[in-house]
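Peer 1: what shape does this take:
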Amino acid sequence: MRFNFFYLVVLLLGLSMFFLFEPPTEDELSFYGFAESNETTVNYNYPVVIDQIHVQPGQSVKAGEALLEVSRRKAKETLADQQFRIDELRAEEKIWRQRQESELAQLRQNGENNLAEIDEKIAVLQKEIAFKRSLAEGLQTVSIQEATYQPLVDEISDLEAERTRRRATFELREGNLLQETRLGNSPYRQQIRRLEAEMTFEEDQKVQPFTVTAPTDGLVGNINVKEEEHVQSYESLLTFYEPHSNLVRGYVHEDQTARVALGDELEVYSLRPEGPRYVGTVTGLGSRIVETPSRLRKLPEFKTYGREVTIEISPDNVFLQKEKVGVRRVMN
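Peer 2: The predicted structure is shown next:
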């Protein structure tokens, strides 16, 4: 009887698939992850030009070491826009001054007309009193008392008081308008001064070179620019990592998600022979089931699904950035 090797291969493959995809028991909890440092993205809230690049991706640098030489260059269009806006405000201020002068002239005219009207009424009353007195001078038998003219005298006194009040009101309004116009207290003056100050500052800052330095000891990540490139506001220049990964990000199989909780202690170990191992604490759990990255699958060709787990370990570890590691329960 001949032995068929095909059936042996199928049997071995079936057994391997069974052990690979059978969810481990609680005591056998284990999955893969990768070491990950906090990433810092370097960018600015204004456009810059890359003058010189001092580092390469993956290079280890010390705190304060120069990474890039860049310069801030203010766009000519921005300065032109500011000058255009200043010219607009000056034109509006000129119209405002003309309105102020017109209002002042109208105020003076109205004031003169009001005072002249009162003066005319006073003159009429004074003439009436003088006329009545002249009639009384020719009468020998009839004596006319001064009290007879008192209502007219009182009316004149009232008109003179009204004249004084109107003049005071007119002089106050005239003084306010004159002061506002002479001191330049227009609603546009402050805006013009602010824009002029900004233009002066930005003219001085049109080309402002400076050096981008490493914030701490660490590793250069991606460099997203090249020399002489104009980079827009908020665009990433480069990324920077801390020297050692203090976070491990892994994916626990979907059938084991209930067996991992925040605050659990898990062992993180190197996949290298006799590699280091550390005890970490679960600090984050994903909110949904996602596809496990192919790098963290036992068989990369077959899709598996799980829950993302973040584990914090000592920053004094020796894991490389993005190094693949194993995760399991702490052995007592």
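
Peer 1: and the top helix by length along the chain, what does it pack against?
Peer 2: The helix spanning the most residues in the chain, taking DSSP state H as the definition, is helix 76-137. Taking 3 or more C-beta pairs under 8 Å, 6 or more residues apart in numbering; DSSP states H and E as the contact definition, the neighbouring helices and strands of helix 76-137 are helix 150-182, helix 189-204. Using the backbone N, CA and C atoms, a C-beta is placed for each residue, glycine as well.

Peer 1: I'd like those as TSV, with distance to residue 43, mean neighbour count and mean pLDDT appended.
Peer 2: Formatted as TSV, the helices and strands packed on helix 76-137 follow (distance: least, C-beta to C-beta, whole Å; neighbours: other C-beta atoms under 10 Å; pLDDT from 0 to 100):
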stretch	distance to residue 43	mean neighbour count	mean pLDDT
helix 150-182	47	13	81
helix 189-204	20	13	72
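
Peer 1: break this structure into its domains for me.
Peer 2: Structural domains annotated on the chain: 23-38+242-332, 44-71+205-228, 77-199, as defined by automatic domain parsing.

Peer 1: ok, which of the ones you listed comes nearest residue 236?
Peer 2: Comparing the domains of the chain against residue 236 with C-beta to C-beta, the closest turns out to be domain 44-71+205-228 (5.0 Å).

Peer 1: distance between the ends of the closest one?
Peer 2: 17 Å (C-alpha to C-alpha, to the nearest Å).

Peer 1: the longest strand along the chain pairs with which strands, parallel or anti?
Peer 2: Ranked by residue count, the top strand of the chain under DSSP state E comes out as strand 277-291. The pairing partners recorded for strand 277-291 under DSSP bridges are strand 265-270 (antiparallel), strand 305-312 (antiparallel).

Peer 1: reformat the ones you listed as CSV; add mean pLDDT, mean neighbour count and distance to residue 243.
Peer 2: Converted to CSV, the strands paired with strand 277-291 look like this (pLDDT from 0 to 100; neighbours: other C-beta atoms under 10 Å; distance: least, C-beta to C-beta, whole Å):
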stretch, mean pLDDT, mean neighbour count, distance to residue 243
strand 265-270, 93, 18, 17
strand 305-312, 95, 19, 16
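
Peer 1: what are the phi and psi angles of the residue most central in space within the chain?
Peer 2: The central residue of the chain, meaning the one whose C-alpha is nearest the mean C-alpha position (C-alpha atoms, centre = their mean), is residue 45 at 9.4 Å. For residue 45, the backbone dihedrals are phi -90, psi 20 (criterion: degrees, to the nearest 10).

Peer 1: nearest spatial neighbour of it, skipping sequence neighbours?
Peer 2: In space, and not counting its chain neighbours, residue 45 is closest to residue 233: 5.5 Å by C-beta to C-beta, 6 or more residues apart in numbering.

Peer 1: low-confidence regions, this protein specifically.
Peer 2: Counting by pLDDT under 70, the chain shows low-confidence ranges at 1-27, 73-80, 136-148, 181-187, 201-206, 332.

Peer 1: if we go to 50?
Peer 2: Across the chain, the stretches falling below the confidence threshold (pLDDT under 50) are 1, 18-26.

Peer 1: would you confirm that residue 310 contacts residue 284?
Peer 2: Yes - with the criterion set as C-beta atoms under 8 Å, residue 310 and residue 284 qualify as a contacting pair; they are 3.3 Å apart.

Peer 1: distance of residue 173 relative to residue 112?
Peer 2: From residue 173 across to residue 112, the span is 13 Å (C-beta to C-beta, to the nearest Å).
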